[in-house]
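>>> predicted coordinates and the sequence they were generated for:
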Amino acid sequence: MTVIYEQSFDANEWFVILNLVVMHVLILISPKILPLLEGLAHYLYGPFIGMFWDHTISVRPWDFYDVNDNSSYQVMDVFSYIMFGPYSYFVIYLYVKLGIKGYTHILYVIVWAGLALIMEWIGVQLGLYHYDKGYQMYWSFPIYLLTLGMQIVYHHLIQKEKKANTP
């Protein structure tokens, strides 16, 4: 059974579009400190990990939430996944730019997880996410911690590989 939450183009779609435009403009105007392929790899990490989690916990047997106006997969869902790309890019962009080292990694991941929760909360308020079966937003926090931690490990693996291949 398909659940329909809304039938009009409204706040949740505008939230996604505004995010896409603003964040992509920020990418375009920010100084390039990541090599193109590395930046692209971190950009793509966001949509792919977002799709992984959404297709893990928002489908049967759990089906904890729906995205956008309809419980079935829609074209706007693709754009909502692309929306994660610039954020994952900036996670590593700022990580490199700020020179995060030592135990600061933990604080950095916690801050980004907090920002992700704020964005999720805004998405809930605007009708982008619709929770079901008792799902609570704070359940997303450990997922964000894991996802961000994995991305930082991914970044370090890339750096290690680059060092190993440098003559």
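Nice, thanks for sending it over. Residues are numbered from 1 along each chain as shown.

>>> what mean pLDDT does the helix ranked longest in the chain get?
Longest helix in the chain, counting residues (DSSP state H): helix 140-164. Helix 140-164 shows a mean pLDDT of 95 in the predicted model.

>>> can you give me the buried ones in that helix?
Neighbour counts over helix 140-164 (16 or more other Cβ atoms under 10 Å) mark 140-141, 144-145, 147-148, 151-152, 154-155, 158 as buried. In this view, the C-beta of every residue, glycine as well, is placed from N, C-alpha and C.

>>> I'd like the distance from it to the chain centre, please.
14 Å (Cα atoms, centre = their mean, to the nearest Å).

>>> what's the answer for stretch 86-98, then?
In terms of Cα atoms, centre = their mean, the gap separating the centre of stretch 86-98 from the centre of its chain is 12 Å.

>>> average pLDDT for that stretch?
98.

>>> which strand or helix spans residue 34?
Using DSSP states H and E, residue 34 falls within no helix or strand.

>>> in contact with it, which residues?
42, 89, 92-93, 96 (Cβ atoms under 8 Å, 6 or more residues apart in numbering).

>>> at 7 Å what do you get?
92-93, 96 (Cβ atoms under 7 Å, 6 or more residues apart in numbering).

>>> neighbour-wise, which of these leads?
residue 92 (23 neighbours; other Cβ atoms under 10 Å).

>>> my read: it touches residue 153, true?
No - Residue 92 is beyond contact range of residue 153, at 11.4 Å (criterion: Cβ atoms under 7 Å).

>>> near residue 26, how many other residues are there?
13.

>>> and it, helix, strand or coil?
Using DSSP: H, G, I helix; E, B strand; the rest coil, the secondary structure recorded for residue 26 is helix.

>>> residue contacts, it?
Residue 26 is in contact with residue 86, counting by Cβ under 7 Å, 6+ apart.

>>> quick revisit: distance to residue 19 and secondary structure for the contacts of residue 34 - can I get that in JSON lines?
As requested, the contacts of residue 34 are exported to JSON lines (distance: Cβ to Cβ, whole Å; DSSP: H, G, I helix; E, B strand; the rest coil):
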{"residue": "92", "distance to residue 19": "18", "secondary structure": "helix"}
{"residue": "93", "distance to residue 19": "17", "secondary structure": "helix"}
{"residue": "96", "distance to residue 19": "23", "secondary structure": "helix"}
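
>>> got a list of contacts for stretch 35-44?
With contact meaning Cβ under 7 Å, 6+ apart, stretch 35-44 is reached by 85-86, 88-89, 92, 151, 158.

>>> list the contacts for the residue nearest to residue 20 when sequence neighbours are not counted?
Distances taken as Cβ to Cβ, 6 or more residues apart in numbering place residue 83 nearest to residue 20, at 5.6 Å, with adjacent residues excluded. The contact partners of residue 83, by Cβ under 7 Å, 6+ apart, come to 16, 19-20.

>>> good, wrapping up.
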